[in-house]
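>>> with the input below, show me the fold.
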Amino acid sequence: MITIRSAVTSAFASPQLRVGLPTLCPPAGRLRVRPRTLSPTAPSRWSSSRATRFLPPIVAALFLLAASSPISRAQEDSGSLPELAIETVDGQETTAVHVQLEPGERETIEIRFSVDSESPIEVTTYVADAISPPNGGFGLAPQGAEQHEPATWIQFDAETLTLDPGDPLDRTVTIDVPGNAEPGQYVAALAIQTTEPIPVPGAKGIGQIVRVVAAIAITVPGDLAPAFELGEPALVQGPTGDSIQIPIENTGNIPVHPQGTLTLETLTGEEAASIPVTMDSLFAGGATYLEVALPEPPPPGEYRLTLNLTDSDTGETAAIADAPFTVPALAGEPGQQTPPAFEATPDNEEPSLIVFGEITVQSQGAPIESVQVSVKVANVGQPVTGAKLTLDVSQDGQVIESVPISEGVTLVDGVTSFSTSYAPEAGFTPGTWTFRVTLESVDANGDAALIAHSGIIHELNIP
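Numbering: from 1, shown residues only. Predicted structure coming up:
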């Protein structure tokens, strides 16, 4: 059975790494099984009568979440940036496809890629794992990363090609469910993106790889078993505030949507914090972490942490009861902390929602007159508005200047590249110069939330 959801929406995750935000989109996960011999069935098209069957309630919820997302194409208000779309063969934009198949069955569907742009655009299309970003939701594994089930069930030829405005391309997607696949709901992702960054109109030195993703949800009928587990809490202390991170894994075979309350108490029983928690959905097999922002940094000391979560759809629960929790004292004065050296996300780890993909600093002139700074930011979720990228410059361990690289930028799903030149007003005087980069999201009230920060990315020794 094939069901599609067509809407002017996009199936991505909330960009905020905080709790208590509304659910914006369908999440994703995977349930890993071993493939076996397949028994193909007759192919069908989007218009197949099999699409009229009713969906399970949780799958229907996935599509309702997709319909509530605020953006459908790459960036509606982006001026001359291309607008990519994944469509049905009759030209209706789609954010998710649901296929219900028994073990050993095969389904073939047809999709269409299109672009609205001023000129032909080189694009890349591919299938990838759906991953779970912090606080749940729908994310996309990096292009070219090793695939796992159910992405490996999908036969689709990835390609790089030129897409002409007004001349969409039709392609075939075939889904083969292994003969020993267990019951559950599985999610993978189909993506189209520009092959190279597209210059952002009116923003010098900024380019964006524009990407659009559709979820491919596969239901294998049978007994449904909700379950999820919590890991050990950890305190994260940052320049813009503290938060508590707690690993969470969906060990069942259907999505869960945990919500509840986190409390922090002193050893004498005095309440230090009580914070409501609401996650976006976490799909079967998905593992991520819950991040709870602390309204006020608690004083250093020993505490007890309690977290009670309940899946709002099934009533399944998970809890942490009176776990020992330590808040250490920060060493040194604020602003004098030395963050760890920048490292790209290891190949064997699932990426965070937003990460620095590459940062370079190149000296210009002899003697050095300036440095050229280039930053690539990878976003695997919903567009983030009000992004502010800052270059922090230190001399002999003291921060002397924080220079905005870019402000008020929307980070679309994909890769955004930034480039700027920096020269201190008095020149590079003798000493050791170091550079770091900070990425924040600034809301309409001017409040900033830290998204990512690097360690020292470059060092200059001026004699």
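
>>> rest of the way, CA atoms for contacts and neighbours
OK.

>>> show me the shaky parts of the stretch 151-300 of the chain.
Low-confidence segments of the stretch 151-300 of the chain, defined by pLDDT under 70, span residues 202-205, 238-241.

>>> next, give phi and psi for the nearest residue to residue 328 once chain neighbours are set aside.
Leaving out its chain neighbours, the residue that sits closest to residue 328 by CA to CA, 6 or more residues apart in numbering is residue 300, at 5.2 Å. Here the main-chain torsion angles of residue 300 (degrees, to the nearest 10) amount to phi -60, psi 140.

>>> what sits against residue 300?
In this structure, residue 300 makes contact with 326-329, judged by CA atoms under 8 Å, 6 or more residues apart in numbering.

>>> tell me the spacing between it and residue 242.
For residue 300, the distance to residue 242 equals 12 Å [CA to CA, to the nearest Å].

>>> mind checking how far the residue nearest to residue 328 is from residue 278?
Residue 300 is 27 Å from residue 278, by CA to CA.

>>> returning to what we had before: so which of the contacts of residue 300 is the most crowded?
Counting neighbours by other CA atoms under 10 Å, the top entry in the contacts of residue 300 is residue 327, with 16 neighbours.

>>> partners of that residue in the sheet?
Beta-bridge pairing of residue 327 under DSSP bridges involves residue 301.

>>> let me know whether it touches residue 304 as I believe.
No - Residue 327 lies out of contact with residue 304 (CA atoms under 8 Å); the separation is 10.7 Å.

>>> helix or strand next in line after the helix or strand hosting residue 378, which one?
Of the helices and strands defined by DSSP states H and E, residue 378 is found in strand 370-379. Sequence order places strand 384-395 as the next helix or strand after strand 370-379, per DSSP H and E.

>>> who's in contact with residue 91?
Shown in contact with residue 91 (CA under 8 Å, 6+ apart): residue 112.

>>> assign a three-state SS to it, would you?
Three-state assignment for residue 91 (DSSP: H, G, I helix; E, B strand; the rest coil): coil.

>>> list the buried residues for whichever strand or helix holds residue 272?
Assigned by DSSP H and E, residue 272 belongs to strand 271-278. Buried residues in strand 271-278, counted by 16 or more other CA atoms under 10 Å: 272-273, 275, 277-278.

>>> end-to-end on stretch 86-102?
26 Å.

>>> do the same with stretch 406-426
Across its full length, stretch 406-426 reaches 23 Å between end residues, using CA to CA.

>>> thinking again about what came up before, closest to residue 422 among the contacts of residue 300?
residue 329 (35.0 Å; CA to CA).

>>> buried sites along stretch 397-407?
Buried, per 16+ other CA under 10 Å, within stretch 397-407: 399, 405-407.

>>> residue 265 and residue 294, how far apart?
Counting by CA to CA, the gap from residue 265 to residue 294 is 13 Å.

>>> give me the common contacts of these two.
In contact with both residue 265 and residue 294: residue 273, using CA under 8 Å, 6+ apart.

>>> just the strands in the stretch 201-350 of the chain please.
206-208, 211-220, 228-230, 234-238, 241-250, 258-266, 271-278, 287-293, 301-311, 317-327 (DSSP state E, counting those that start in this stretch).

>>> wait, which of these is closest to residue 85?
Among the strands of the stretch 201-350 of the chain, strand 211-220 comes nearest to residue 85, with 6.4 Å by CA to CA.
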